[in-house]
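> Fold the following.
(2 chains)
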Amino acid sequence: MAKKPIQFQLNGSSKSVFVEEGQNLLEVLRREVGDLTPKLGCAQGACGSCTVLIDGEQIVSCLTLAETVEGASVETAAGLANGPTLHALQEAFMDGFAAQCGFCTPGMLVSAKALLDKNPSPSRGDVIEAISGNLCRCTGYEPIIDAILAAAGNGHNSAGRYSGSGRQS
Amino acid sequence: MIEFRKDIFADERDDNLNEIGKPTRRQDILGHVTGRSPFYDDHQFEGLLHLKCLRSPHHHARIRSIDTKPAEQMPGVHRIIQGSDVKVNLNTLLSLMNFGEDDEPVLSDKKVSYVGEPILAVVAETERQAFDAIAKIRVDYEVLPHVLDPEEALQPNAPLVNETMPGNAFPYHEKYNHQKLRFGDVEAAFAQADHIVEDRYQMSPIEQAPIEMCGAIAAPETNDRFVCYTSTQALFFSLGTAAKVLDVPSNRLHFIGGTVGGGFGGKVDSLHEPLAILGCMLTGRAVRYAFDRQEEMQVGAPRGAERWYIKDAVMNDGRITARKFTGYFDVGAYTRLSSYAIIKAAGHLPGPYTIPNVYADIYCVYTNRTPATAMRGFGITGVDFAIESHMDQIAHKLGMNPIELRLINSYMDGDMKAHRREAKNTALVECMQVAAEKSGWNIAPDFKAMSSHNGGEGWRSEIPHTVTDTNGQIGNGVPASTVRPATTSIPAYVPSQNPSYAAPPAQPARPVSPPTPQSNVQATPTAPPQASAPASSSTPKRPRVSRFSSISGTRRR
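Residues are numbered from 1 along each chain as shown, chains lettered A, B, ... in the order given. As a prediction, this is how the structure comes out:
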C-alpha cells in the first residue's frame, strides 16, 4: 500500500513520518512516532483515552486520519511537563488522588489542558463539560474535577512545583 | 475488637496509624500523570505481528469442516493456528488449584457453544490483514439447538452445552448437580410461621468494561524463553495456565504485568497469553493478541446472570425464622471460575442475618451464552441484591421500618453462621445505626442502644443436627426443629415515626417459586463422559476433585 510522507509539530518538535492511507493518528503516534501517552480504549471515539490537541482543539486521535494533521501542531500528555517540571494539572492530579488505574489519565489531562488554555477560571460545570468525552471506568470523576479546579486556582500557566518527595498537605 | 499485630513489624515502622485522615499519594501516580506507566500495549517490538481469531457466529453449532486455504494466500499472513497446534487444547482455570474438570478448548474447532467462541487464529503483519484473511476462511457449520436460560438448561431435554458437563450443571461433591446448604429445618419453621414471603430476583450479565482492553504481547527472549507482557489481573494464574496448555515448563515463560488499565475481575481468564505465546513460538516473531472493543463487550467474560428464589418464614414481630434459597448461576458455556463463586455464595447465606433455619440449593448451570467470570464481589453481589430487596419486601408486608427489621435479625458476635463458622467482628448493627442517623431515618431508642457485641451466642451459636440418608445425602431427612425461641434479647417492636414509607408499587405477576427439580442427583455422578480428547492424549487424567477449600485446594498440580 502506498505510503505518504507527512510533517507536523508534536509537542513543539518537528516530526516527519510515512503514513498509510486511512491510518489513524493514534496508531501513527504510538507505533511510528513512539509517543505512547495517547491510549487505545475503544477505536470508536467513545472513551476519550486517545484525546490529543490539534492546533489547540480537543480531538480523539483514533478517529482522525493521520494525513490530515499535515502542517498542524499536535499536543499530547507527553508535552505537559517541562523536563522534570510537571504541569500544574499533573501536580493537582497527584495531590488530589485523581487517578486509579491511570489508563484514562493522559486523555483527561489533555482535555483539561484544552479547557484551561481557553478558560483559566472555569466553573465546576465547565470542567464537567470539558471532560464529558473522557470515560473513567474506575469512576474517579469527582477527584478529577476537583483536581482540575485546583489546578485552575493555582494558575495553570505558571510552572508547577514537583519536589518528588512524598505528600504535600 | 480488631487485633492489630503491631509487634510483627515493630522494628520496621512507627505503627501509630497516623495516615488516617490525611491525603496521601499513590506510589504509581507519577507514572500515571506523565503517561509513562507501562501498560502491556506500551511495549514496542520491531516486526510485531498481530493475532486475531475467527469467531463463532452461532450460539451452538458443530463444525463439519474448515477451509483455510484462501486465507493462507492472503497478503501479510504468517500463520494460521488451529486447535491441533495447541498441545493441551482443553483446560479449566481452577485446574491450577486441582478443582473441576478441563472443559474449555483454547481454540474450539469441533464444536462452538457461544457466539464469539474462538475457532482458529490468524497471525498477520497488521490487524487489518488478519481480519481480511479471516473473512476468506470458510466454515461449514451444523447449527444445533441452543439454550439461553439456566432453568431451561436443567430440563431433561435441553441441548447439551458442554460435553464435559452432563445435565448442563457442574457436579458438586461427586453426587449433586448443585451446591447444598442445610442448617436447621426450614419446613418446620414454615409450618409455624405467621407469614411466608416469597419472590424471585434476577440480574443480567454485566460487562466489567475496563478502558484498557484485555490483551498480551509475547516475544522471543534469550535461551529459548518467551517474554509475555499482559494486562492480566492474575499474573501467576496466567503464567500457570499458559504453561499448562502449551505444555512447557513455566520457567521458560517470563511474565511481566501488574500495570492494569482497569480490570474489575474481567482480566483473570488468561485467554490472551497462551495464544500470543503460541503465535510467537510458531512464527519466531513478537505477537500481539488484543481484544478490540467489540470483542471486549461480546467475548470478554462478564459477571454472569443469576436468578434467585427466596422463601422466608416470618413472625409478626419481624423475626425471620427460616430462609430457603434456590439459586441459578448462568455461567455460560464453560466453567472458568464460576464453580468457586457458587461455593462462596453458599458460605455467604443467609446474608448478614442470624436465621436459625437455612436451606439452599445453588446450581452452576451451562448455557450457550458468553462464559461468565469474576467481577467485584464475585458470587455475592447477585444474592445480596436479592436478599436486601427481599428484606424490604418483608418490611413492606409487615408495615415495619426496614432498618428496624434488619436490626431485629442482624447477626452479632458469637452467632453461628449457616456455613458453620462463628461470626466475628460483626458490625451490621452499628452500620445500620449510622446509616439511619446520617439519612435522618428514625429508629426506636431500643434499636439505637443495640450493639453487635451483646446479644449473640447462646442458642444463636448452636449448630443444628443435620440428618443424612442411607446414601450419605443431606437434605432428605428431617432434622430436629430449631425454630428460634420467642424469648430472646430482641427488643419488642415499637413502630417508629418516619415521614414517608409508602407501600411498594404494584408489580406484574411473576413466578415466585422455582420449578420442581427434575432430579437432585445426577444420573451418572461418578463417571462423566470423556470430553473431546486433547491434542496430547498422553496427558494423564487428573483425579476429580469436587471439594474446594481455600486451604487444602491450593496444592499445585
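
> and B:Y328, how many neighbours?
For B:Y328, the count of nearby residues is 28 (other CB atoms under 10 Å in any protein chain shown). In this view, the C-beta of every residue, glycine as well, is placed from N, C-alpha and C.

> Contact partners for the residue nearest to it when sequence neighbours are not counted?
By the measure of CB to CB, 6 or more residues apart in numbering or on different chains, the closest residue to B:Y328 outside its immediate chain neighbours is B:P150, 4.0 Å from it. Each residue near B:P150 by CB atoms under 8 Å, 6 or more residues apart in numbering or on different chains is listed here: B:A305, B:R307, B:Y328, B:F329, B:D330, B:Y363, B:V365, B:T367.

> got a list of what the last one touches?
The neighbourhood of B:T367, defined by CB under 8 Å, 6+ apart, consists of B:V147, B:L148, B:D149, B:P150, B:A153, B:V161, B:N168, B:D330, B:V331, B:G332, B:A333.

> So it versus chain A, what's the distance?
27 Å (CB to the nearest CB, to the nearest Å).

> so B:K417 touches B:Y411, yeah?
Yes: B:K417 is in contact with B:Y411 according to CB atoms under 8 Å; the separation is 7.2 Å.

> And those two? Which one has more around it.
More crowded of B:K417 and B:Y411, by other CB under 10 Å: B:Y411, with 23 against 20.

> Quick check: the gap between the more buried one and chain A.
Distance check for B:Y411 against chain A: by CB to the nearest CB, it reads 30 Å.

> got it, and B:G347?
B:G347 is 28 Å from chain A, by CB to the nearest CB.

> just B:Q294 next, same as before
B:Q294 sits 9 Å away from chain A, going by CB to the nearest CB.

> Look up the pLDDT of that residue for me, please.
As predicted, B:Q294 sits at a pLDDT of 95.

> cool, and the one 3 residues further on?
B:M297 is assigned 95 on the pLDDT scale.

> cool, B:A527 as well?
At B:A527, pLDDT is 36.

> cool, and B:D11?
In this model, B:D11 carries a pLDDT of 75.

> can you pull the contacts of it?
Contacts of B:D11 by CB under 8 Å, 6+ apart: none found.

> Tell me which residues of the one helix or strand B:A188 maps to come out buried.
Take DSSP states H and E as the rule and B:A188 turns out to sit in helix B:186-192. Under the neighbour-count criterion of 16 or more other CB atoms under 10 Å in any protein chain shown, helix B:186-192 has B:V186, B:A188, B:A189, B:F190 buried.

> got JSON lines for those, with distance to chain A and pLDDT too?
Shown next, in JSON lines, are these (distance: CB to the nearest CB, whole Å; pLDDT from 0 to 100):
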{"residue": "B:V186", "distance to chain A": "40", "pLDDT": "92"}
{"residue": "B:A188", "distance to chain A": "46", "pLDDT": "91"}
{"residue": "B:A189", "distance to chain A": "42", "pLDDT": "93"}
{"residue": "B:F190", "distance to chain A": "42", "pLDDT": "95"}
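
> How about stretch A:136-144 and chain B, touching?
Yes: judged by CB under 8 Å from any CB of the partner chain, stretch A:136-144 and chain B are in contact via A:C136, A:R137, A:C138.

> Run through who's touching that stretch.
A:93, A:96-101, A:104, A:108, A:131, B:209-211, B:262, B:264.

> let's see 10 Å
With contacts defined as CB atoms under 10 Å, 6 or more residues apart in numbering or on different chains, stretch A:136-144 is touched by A:41, A:47-49, A:92-93, A:95-105, A:107-109, A:111-112, A:127-128, A:131-132, A:134-135, A:147, A:150, B:208-212, B:261-264.

> first to last residue in that stretch, what's the distance?
10 Å (CA to CA, to the nearest Å).

> just to revisit the earlier point, next one: phi and psi at the residue nearest to B:Y328?
phi -60, psi -40 (degrees, to the nearest 10).

> Tell me how far it lies from B:Y363.
7 Å (CB to CB, to the nearest Å).

> Identify the contacts common to those two.
By CB under 10 Å, 6+ apart, B:P150 and B:Y363 have these common neighbours: B:N168, B:A169, B:R307, B:G327, B:Y328, B:F329, B:D330, B:V331.

> and those residues, which of them are in strands?
Using DSSP state E, the subset of the shared contacts of B:P150 and B:Y363 located in strands is B:R307, B:G327, B:Y328, B:F329, B:D330.

> from the residues you listed, which is closest to A:R31?
B:D330 (39.9 Å; CB to CB).

> For the closest one, give me its contacts.
B:D330 makes contact with B:148-151, B:153, B:202-205, B:304-307, B:338, B:363-367, B:369, B:372 under the criterion CB under 10 Å, 6+ apart.

> Verify the contact between B:L144 and B:S113 for me.
Yes: B:L144 sits in contact with B:S113 when judged by CB atoms under 10 Å, with a separation of 8.9 Å.

> Most neighbours out of the contacts of B:T367, which is it?
With neighbours defined as other CB under 10 Å, the most crowded of the contacts of B:T367 is B:V331; it has 34 neighbours.

> how near is the residue nearest to that residue when sequence neighbours are not counted to chain A?
Among residues not flanking B:V331 along the chain, B:S338 sits closest, at 3.8 Å (CB to CB, 6+ apart). B:S338 is 23 Å from chain A, where distance means CB to the nearest CB.

> pretty sure B:S338 contacts B:A374?
Yes: B:S338 is within contact range of B:A374, at 9.0 Å (criterion: CB under 10 Å).

> Identify the contacts common to those two.
B:L93, B:A301, B:G304.

> For the last one, give its distance to B:D361.
Going from B:G304 to B:D361 by CB to CB gives 17 Å.

> Between these two, point out the one with more neighbours.
Ranked by neighbour count (other CB under 10 Å), B:G304 and B:D361 place B:G304 first, with 31 against 22.

> what about the closest residue to that one other than its chain neighbours, which SS state?
What sits nearest to B:G304 in space, not counting adjacent residues and going by CB to CB, 6+ apart, is B:A372, at 2.7 Å. Taken by DSSP: H, G, I helix; E, B strand; the rest coil, the conformation at B:A372 corresponds to coil.

> I figured B:A372 hits B:R303, correct?
Yes: at 6.3 Å, B:A372 counts as touching B:R303 under the criterion of CB under 10 Å.

> shared neighbours of the two, anything?
B:P205, B:I206, B:A341, B:F378.

> Which ones among these lie within helices?
Of those, the ones assigned to helices by DSSP state H are B:A341.

> most neighbours, which of the shared contacts of B:A372 and B:R303?
Highest neighbour count within those, by other CB under 10 Å: B:A341, with 27 neighbours.

> Can you check what pLDDT the model gives it?
96.

> before we move on, what about the one 10 residues further on?
Here the pLDDT value assigned to B:G351 is 96.

> The closest residue in space to it that isn't next to it in sequence in helix, strand or coil?
Once flanking residues are discounted, B:G351 sits nearest to B:I387: 4.0 Å by CB to CB, 6+ apart. Under three-state DSSP, the three-state class of B:I387 is helix.
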